[in-house]
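Asks: after the sequence you'll find the predicted model.
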Amino acid sequence: MQKHFGTDGIRGRVGQDKITPEFCLRLSWAIGKVFGQQDRRPHIVIGKDTRISGYMLESVLQSGFVSAGADVSLLGPIPTPAIAYLTRTVSADVGVVISASHNPFYDNGIKLFDGAGNKLGDALEQQIEAMLEAPMVCQDSEHLGKAKRIADASGRYVEFCKNSVPKGFSLRGIKIALDCAHGATYQVAPQVFTELGADVVAIAADPDGFNINKNCGSTHPEQLQQRVIEEAADIGIAFDGDGDRLVMVDAKGELLDGDHLLYVITQNRLGRDVMNGGVVGTVMSNLGLEQALKDLAVPFLRAQVGDRHIMEALHQRQWTLGGEPSGHILTLDLCSTGDAIVAGLQVLLAMQDADVSLRDLAAGLTKAPQVLVNVVVDSPAEVSRHPQMLKITANYEQGLGDRGRILVRPSGTEPLLRIMVEGEDESEVTRIADDLAAHAKSIRAA
């Protein structure tokens, strides 16, 4: 198990633990040294979302890389998938994302992509962690790296997104409300959909460094649901802070999550005869999605939570489509990582091909009652493994039998214990989830 890297890079409260200038300086030096062991000067790109601490971390990381002899290209505020794309297209060795995704502004994090635009593998993360233990020695002046800014980074990514749909695809006559979460998509998302012909209503697109994800975006879509109705929009799309996940809203203001969107994209790919294998979901994917895909004769596999695990399962089977209920959608035939703008365009493509509404397209998926509860605890992993928690969970699982599922797991990105209960009866599911949450809190108190 890595000491510093978690399920999605390194993330935490700014000024505490690892998200400090001191640690991030050492981290970037270590990354530069690991990728500089090929007898050539490594090239590293850095992008960020809109939170205030991004200025500090960008400067610190740049200094560490340059001191290790690496050249740096700065991308500015730009979505996570754009950083993966540009890492690949400018032939960089590493892509660095400064973001805490859907977390509040006071958190931040660092995610890494390799030269192919994929999440960094365990072996490289372990090499970086080992290098962190070495004395930090600055290169001599003649071997220091240089830094520059890629001025047209956003424009390159906009063109990439537009080219992810077939030639001739047009959104003329369609009104779309976009919730940019005051985050990394605030510039590029309205531009992409406008240039494809849509009438765009942009909300939460005025970041100030503090308002990212605050009562907006994919984790708080209520504002978007209301705005879709007020604007008589055909569709609404809500992104998260770093632009790698989305949820959508139909013309009636009803919410569709990642399970719905996966189902819609799958149907379209079957109709266009471009469905490559099956679909990878997670242990959080609703039973209704599994049954709906079965009805389509599409294989379905569950991976552990996290797009990294979905990615591994897709690569192992050479499939291309997967995702999570939270809205991470992977279309590996189009991009190397989860991309919310590309996924949204794929859903709109499905709507146009079928010439029906989003709600009608998703009608074949009937969700089983599912309750998700997040419990704030000091040590989520320890609570999840506590004998008392394991016992009460096992008792409820035995009672549910084949009628449902229970999942109790620590969050990989926040100090939360996540409890999911799914079954046939909503009141029973709610009661079980509430009781498990109460037990988790009592264990914390003890």
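Replies: The structure has been received and is ready for your questions.
Asks: measure the residue of the chain positioned farthest from its centre to residue 34 for me?
Replies: No residue in the chain sits farther from the centre than residue 142, which is 39.6 Å out by Cα atoms, centre = their mean. Counting by Cβ to Cβ, to the nearest Å, the gap from residue 142 to residue 34 is 21 Å. For the C-beta atoms, the positions are set from N, CA and C on the backbone; glycine is no exception.
Asks: and what of residue 72?
Replies: 15 Å.
Asks: who has more neighbours, these two?
Replies: residue 72 (26 against 22; other Cβ atoms under 10 Å).
Asks: who touches residue 422 in this structure?
Replies: 286-287, 368-371, 404-406, 429 (Cβ atoms under 8 Å, 6 or more residues apart in numbering).
Asks: could I get the residues you listed as JSON lines with neighbour count?
Replies: Output for those, formatted as JSON lines (neighbours: other Cβ atoms under 10 Å):
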{"residue": "286", "neighbour count": "24"}
{"residue": "287", "neighbour count": "18"}
{"residue": "368", "neighbour count": "19"}
{"residue": "369", "neighbour count": "18"}
{"residue": "370", "neighbour count": "21"}
{"residue": "371", "neighbour count": "19"}
{"residue": "404", "neighbour count": "21"}
{"residue": "405", "neighbour count": "18"}
{"residue": "406", "neighbour count": "20"}
{"residue": "429", "neighbour count": "23"}
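Asks: so residue 7 touches residue 412, yeah?
Replies: Yes: contact criterion Cβ atoms under 8 Å: residue 7 and residue 412 qualify, at 3.2 Å.
Asks: so between these two, which is more surrounded?
Replies: With neighbours defined as other Cβ under 10 Å, residue 7 and residue 412 compare such that residue 412 has more, 18 against 15.
Asks: look at that one and give its secondary structure.
Replies: coil (DSSP: H, G, I helix; E, B strand; the rest coil).
Asks: my guess is it meets residue 8, correct?
Replies: Yes: with contact defined as Cβ under 8 Å, residue 412 and residue 8 form a contacting pair (6.3 Å).
Asks: list the residues that are in contact with both of residue 7 and residue 412.
Replies: 305-306.
Asks: torsion angles phi and psi at the nearest residue to residue 79 once chain neighbours are set aside?
Replies: Leaving aside its chain neighbours, residue 79 sits nearest to residue 243 (2.9 Å; criterion: Cβ to Cβ, 6 or more residues apart in numbering). Phi and psi for residue 243, reported as degrees, to the nearest 10, are phi 80, psi 20.
Asks: so residue 243 sits against residue 84, correct?
Replies: No: in this structure residue 243 lies outside contact range of residue 84 using Cβ under 8 Å: 10.9 Å.
Asks: and these two? which has more neighbours close in?
Replies: residue 243 (31 against 27).
Asks: let me know the pLDDT of the more buried one.
Replies: pLDDT for residue 243: 97.
Asks: who are the neighbours in contact with it?
Replies: Taking Cβ under 8 Å, 6+ apart as the test, what residue 243 contacts is 49, 79-82, 183-185, 188-189, 339-341.
Asks: kindly report the same for residue 354.
Replies: 267-268, 271, 360-361 are the contacts of residue 354 under Cβ under 8 Å, 6+ apart.
Asks: quick check, nearest of the residues you listed to residue 23?
Replies: residue 268 (44.7 Å; Cβ to Cβ).
Asks: for that closest one, which three-state class applies?
Replies: Residue 268 - assigned by three-state DSSP - is helix.
Asks: which secondary structure element is home to the nearest residue to it once chain neighbours are set aside?
Replies: Using Cβ to Cβ, 6+ apart and skipping residues adjacent in sequence, the residue nearest residue 268 is residue 350, 3.5 Å away. Element membership for residue 350, per DSSP states H and E: helix 340-354.
Asks: could you point out the helix or strand that follows that helix?
Replies: In N-to-C order, the element after helix 340-354 by DSSP H and E is helix 358-361.
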